[in-house]
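Participant: Build the 3D model from these lines:
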Amino acid sequence: MAKKKGREVLIRIGDGQETENFNALCALTTKALTVNNEEIDVTTADCDTPGGALWTEVLDGVRRIALSGNGISKKDTAEARLMTVSLQTPPVANMEVVVPNFGTFAGAFFVQSMELTGEQSGGASFALTMGSTGAVTFTAEAPAP
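Facilitator: Okay, the predicted model is just below:
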């Protein structure tokens, strides 16, 4: 993967319309996507040599993707949509995470927390934490020729 600036990674939120358009949460200054895979330990002893060495055997379990980020509030359309989703029941929105020269992750995400903060001598800021609800797809970007 070619080197890219971190600011080129985008977290985009869907507008909730039937033909969905996505807007970047441009105010985010830090963004993170974490893939979590749970393993199920199904290790059993070999019946022919029960006293022998055991090698771990696992099955795939629950898979989850988490999104997080924080930034300086811009009061734009994407930020307003995020706040609306945070207050609805259930707090779920379609999201995309675009990683240049790599690909796009897309799926529905549950807003676990949305935090707004402000200091007397600083700008208003916000932070978000989201977890996937359902399958997340990954579409790889075709390599440049």
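
Participant: so where is this protein shaky, pLDDT-wise?
Facilitator: Applying pLDDT under 70 to the chain flags the ranges 1-2, 143-145.

Participant: If we use 90, what do you get?
Facilitator: 1-8, 16, 26-27, 43-57, 59-61, 71-80, 100-101, 116-126, 141-145 (pLDDT under 90).

Participant: what about the residue located most distally from the centre of it, is that helix, strand or coil?
Facilitator: For the chain, the largest distance from the centre (Cα atoms, centre = their mean) belongs to residue 48, which lies 45.7 Å off. Classification of residue 48 by DSSP: H, G, I helix; E, B strand; the rest coil places it in coil.

Participant: For it, which residues are in contact?
Facilitator: Contacts for residue 48 were tallied using Cβ atoms under 8 Å, 6 or more residues apart in numbering; there are none. From N, CA and C alone the C-beta is placed, and that goes for glycine too.

Participant: Now do it against residue 60, distance only.
Facilitator: Per Cβ to Cβ, to the nearest Å, residue 48 is found 27 Å from residue 60.

Participant: ditto for residue 46
Facilitator: With Cβ to Cβ as the criterion, residue 46 and residue 60 are 23 Å apart.

Participant: right, and residue 83 touches residue 115 too?
Facilitator: No. Shown here, residue 83 and residue 115 do not form a contact pair, counting by Cβ atoms under 8 Å, at 11.1 Å.

Participant: Neighbour count for these two, which is higher?
Facilitator: Neighbour count, other Cβ atoms under 10 Å: between residue 83 and residue 115, residue 83 has more, with 16 against 11.

Participant: wait, is that one part of a strand?
Facilitator: No. Read with three-state DSSP, residue 83 is helix and lies in no strand.

Participant: mind listing what it touches?
Facilitator: So, once contact is read as Cβ under 8 Å, 6+ apart, residue 83 ends up touching residue 114.
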